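**Student:** can't give you the sequence, but here's the structure:
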């Protein structure tokens, strides 16, 4: 039988289409407006980072003075670092030609074993060695030819000057020789202009972007409260409190991330520079600063930062000790940074999943290039915060945040519904590493039973699926009894030795499973107890209790059991067994006063219940107390 497809209302279809069009429009604006949006985003990022410092200096220097002082300090720091790095780069460029012999010797020393599966790799490496050797040889020969040509030109010039004094009428030609055709190289009219444009255009563009960023930064710092109020008016109309909390959380998260990232990167870059200096790699300050900056790029930045010093150690070192030490240095620093410095300094993560960070890095790199790669993490953090506080944008939090997308009960429910065997036991093992057995029953398995029954009644779960789920939950409970029942942490309670305590399900097999859970918990307390089968009807159940000579019974009901079923069974038990001690454990029975608290509990006590509780933990305590009273009365 085919299940009819659910029709989607026209309003939902139009909303879906409008959301897709809005998404495409936003991506188009981000891509084509990147010339303006990149400086704006960089200025906002620096504002998040510098705003706390400006706030602290405000009381001493005033609003304008604190902003100008912080921006001036930023300029000085950037200028100093830029000057040092420029000198290091120029020095590196002047030294590179001196290391050609080291490169050639290392290439000659690479010998790969010639196996069948490495044949192509060996041929490729040999070809690279020949090509690079040819390049180095041609470079040296071109230098020699350049020197020879300059000497030849000088000699030719002197001889030509000598000939000018003797004869200038006709060129001397031997018999049979064709006179050389004069060649004149005429430079184009716009060649110099094109060269200047090619060199200066990127520099001027970068300077213009930097100037725009600084200008925006100054005004954002000066008018940050005004900007905040305008955003609250624009976005938070009707929900100013939520929007204000979202802005505070986003600002604090981004500022904390940037500050801690800066501290981590600096504490990483300084040891890199010191270590490279003692290893003997030139321009160690340059490589340390490069590693510090590149670590702002998620995931790929540290690898790129380590690649250049390693290659440089290969170039400058005549042997292999320096490259080995350099690689070891980076491995050691990465281990210390990832396992000690980052957990200690961060204290908490950015709140974004690793997969979301990778996807965000790819997306923002495609949109904005390398700048987008640097801005990917802060922007993603802002999206996550927006999803937490704005209900209509909650999908951002679901997709990007590192919070669990499903509750423990929902996760266990989907594991129990899958066809595979054993996944639920792995989930239980992981859950018990951080929680108790009682928490597992109360927060996971009982909600699973309630959800399964609700889905079955709404025809979203078949009868076969419900039976299979009950069987797998029962297997989990039995496994826990076998695992923990051998060594009870508490000695057997004296009050439970000679008492006959039984759990009684109200109506269904899920209530019997809840009884098995309660029996396990009572065993952990040293109380012997049994569980009645759920298949017994009312009359059979009363006979079973009489035959078992029960002294304490605990009625268990798991939603969606109605309150009237519980009350009916409670009245029958009290009427038939007036001396019996009775506990009623209700698990979220729906219906206002029909709950275990308030009027519902009073009604059940009037019907004969000694205690009415709403959790397994309270049921265990109530049973133990009643058993103790009963023993004292004896």
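**Tutor:** Alright, I've got the coordinates. Please read all numbers here as calculations on a predicted model, not as lab measurements.

**Student:** for residue 304, give me its contacts.
**Tutor:** The contact partners of residue 304, by CB atoms under 8 Å, 6 or more residues apart in numbering, come to 294, 297. All C-beta atoms are positioned from the backbone trio N, CA, C, and that covers glycine.

**Student:** which SS state does it fall under?
**Tutor:** helix (DSSP: H, G, I helix; E, B strand; the rest coil).

**Student:** would you mind measuring from it to residue 601?
**Tutor:** Counting by CB to CB, to the nearest Å, the gap from residue 304 to residue 601 is 66 Å.

**Student:** what does residue 25 give?
**Tutor:** Residue 25 is 57 Å from residue 601, by CB to CB.

**Student:** kindly report the same for residue 21.
**Tutor:** Taken as CB to CB, the span from residue 21 to residue 601 is 55 Å.

**Student:** residue ranges with poor pLDDT in the chain?
**Tutor:** 1-12, 96-199, 236-238, 298, 342-350, 419-421, 485-499, 561, 587-600, 633-634 (pLDDT under 70).

**Student:** which residue is nearest the middle of it?
**Tutor:** Closest to where the C-alpha atoms of the chain average out (CA atoms, centre = their mean) is residue 353, at 2.1 Å.

**Student:** that residue contacts residue 402, correct?
**Tutor:** Yes - Residue 353 is within contact range of residue 402, at 4.8 Å (criterion: CB atoms under 8 Å).

**Student:** re earlier: so which of residue 21 and residue 601 has more stuff around it?
**Tutor:** Higher neighbour count among residue 21 and residue 601: residue 601, with 19 against 10, using other CB atoms under 10 Å.

**Student:** spatially nearest residue to that one (excluding sequence neighbours)?
**Tutor:** In space, and not counting its chain neighbours, residue 601 is closest to residue 612: 4.0 Å by CB to CB, 6 or more residues apart in numbering.

**Student:** any idea which element that neighbour lies in?
**Tutor:** Applying DSSP states H and E as the criterion places residue 612 in strand 611-613.

**Student:** which residues in the stretch 251-400 of the chain form strands?
**Tutor:** Secondary structure of the stretch 251-400 of the chain (DSSP state E, counting those that start in this stretch): no strands located.

**Student:** and what of the stretch 451-600 of the chain?
**Tutor:** All strands of the stretch 451-600 of the chain, identified by DSSP E, counting those that start in this stretch, fall at 501-505, 530-531, 552-558, 581-587.

**Student:** export these to CSV and tack on distance to residue 407 and mean neighbour count?
**Tutor:** Putting the strands of the stretch 451-600 of the chain into CSV (distance: least, CB to CB, whole Å; neighbours: other CB atoms under 10 Å) gives the following:
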stretch, distance to residue 407, mean neighbour count
strand 501-505, 26, 25
strand 530-531, 27, 18
strand 552-558, 17, 26
strand 581-587, 16, 26
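
**Student:** looking at the ones you listed, spot the one closest to residue 381.
**Tutor:** Closest to residue 381 of those is strand 581-587 (CB to CB; 39.3 Å).

**Student:** how distant is the closest one from the center of its chain?
**Tutor:** Centroid separation for strand 581-587 versus its chain: 45 Å, with CA atoms, centre = their mean, to the nearest Å.

**Student:** for that strand, packing partners?
**Tutor:** Packed against strand 581-587 by the contact rule (3 or more CB pairs under 8 Å, 6 or more residues apart in numbering; DSSP states H and E) you find helix 509-524, strand 552-558, helix 563-576, strand 611-613, helix 616-633.

**Student:** quick one: closest of these to residue 396.
**Tutor:** Residue 396 lies closest to strand 552-558 among the helices and strands packed on strand 581-587, at 35.6 Å (CB to CB).

**Student:** partners of the closest one in the sheet?
**Tutor:** Its sheet considered, strand 552-558 pairs with strand 501-505 (parallel), strand 581-587 (parallel) by DSSP bridges.

**Student:** re earlier: okay, and the beta partners of the residue nearest to residue 601?
**Tutor:** residue 584.

**Student:** same thing with residue 558?
**Tutor:** residue 587.

**Student:** isn't it right up against residue 449?
**Tutor:** Yes - using CB under 8 Å, residue 558 is in contact with residue 449, at 5.4 Å.

**Student:** please enumerate the shared neighbours of these two.
**Tutor:** Shared contacts of residue 558 and residue 449, counting by CB under 8 Å, 6+ apart, come down to 510, 514.

**Student:** quick revisit: the residue nearest to residue 601: how many residues sit nearby?
**Tutor:** The tally of other residues near residue 612 (other CB under 10 Å) stands at 26.

**Student:** do the same with residue 81
**Tutor:** By other CB under 10 Å, the residues close to residue 81 number 14.

**Student:** now name the helix or strand holding it.
**Tutor:** Residue 81 belongs to helix 34-95, assigned by DSSP H and E.

**Student:** and that helix, how far from the chain's centre?
**Tutor:** Remark: helix 34-95 is offset 28 Å from the chain centroid, using CA atoms, centre = their mean.

**Student:** helices or strands next to that helix in the packing?
**Tutor:** In this structure, helix 34-95 packs against helix 191-222, helix 240-279, helix 284-294, helix 354-368, helix 370-389, with contacts taken as 3+ CB pairs under 8 Å, 6+ apart.

**Student:** residue 330 is nearest to which of those?
**Tutor:** Of all the helices and strands packed on helix 34-95, helix 240-279 comes closest under CB to CB, at 7.5 Å.

**Student:** now the angle from the closest one to helix 34-95?
**Tutor:** On the basis of axes from the mean of the first three to the mean of the last three CA atoms, to 10 degrees, helix 240-279 is oriented at 10 degrees to helix 34-95.

**Student:** tell me the SS of residue 609?
**Tutor:** Three-state assignment for residue 609 (three-state DSSP): coil.

**Student:** state the distance from the nearest residue to it once chain neighbours are set aside to residue 542.
**Tutor:** Leaving aside its chain neighbours, residue 609 sits nearest to residue 584 (4.5 Å; criterion: CB to CB, 6+ apart). Computed with CB to CB, the distance linking residue 584 and residue 542 is 17 Å.

**Student:** and for residue 283?
**Tutor:** In this view, residue 283 and residue 542 are 91 Å apart by CB to CB.

**Student:** who's more crowded, the two?
**Tutor:** The residue with more neighbours, out of residue 283 and residue 542, is residue 283; 24 against 17, by other CB under 10 Å.

**Student:** ok, that one - contacts?
**Tutor:** When contacts are counted by CB under 8 Å, 6+ apart, residue 283 touches 88-89, 91-92, 312.

**Student:** which one of these is nearest residue 515?
**Tutor:** Nearest member of the contacts of residue 283 to residue 515, counting by CB to CB, is residue 312, at 71.6 Å.

**Student:** run a quick neighbour tally on that closest one.
**Tutor:** Neighbours of residue 312 using other CB under 10 Å come to 23.

**Student:** and the residue lying closest to it once chain neighbours are set aside, what does it touch?
**Tutor:** Among residues not flanking residue 312 along the chain, residue 281 sits closest, at 5.5 Å (CB to CB, 6+ apart). Neighbour list for residue 281: 287, 309, 312-313, 316, 322, 326 [criterion: CB under 8 Å, 6+ apart].

**Student:** now residue 281: phi and psi?
**Tutor:** Torsion angles at residue 281 (phi, psi; degrees, to the nearest 10) stand at phi -80, psi 120.

**Student:** thinking again about what came up before, hmm, who's touching the strand holding residue 612?
**Tutor:** Contacts for strand 611-613 (CB under 8 Å, 6+ apart): 582-586, 596, 600-601, 604-605, 619, 621-622, 625-626.

**Student:** also stretch 17-25?
**Tutor:** Around stretch 17-25, nothing counts as a contact under CB under 8 Å, 6+ apart.

**Student:** chain center to that stretch, what's the gap?
**Tutor:** Using CA atoms, centre = their mean, the distance from the centre of stretch 17-25 to the centre of the chain it belongs to is 27 Å.

**Student:** buried residues in it, which are they?
**Tutor:** By 16 or more other CB atoms under 10 Å, stretch 17-25 has no buried positions at all.

**Student:** and if you look at stretch 290-301?
**Tutor:** Those would be 290-295, 297-298, 301, for stretch 290-301 by 16+ other CB under 10 Å.

**Student:** thanks a lot, catch you later.
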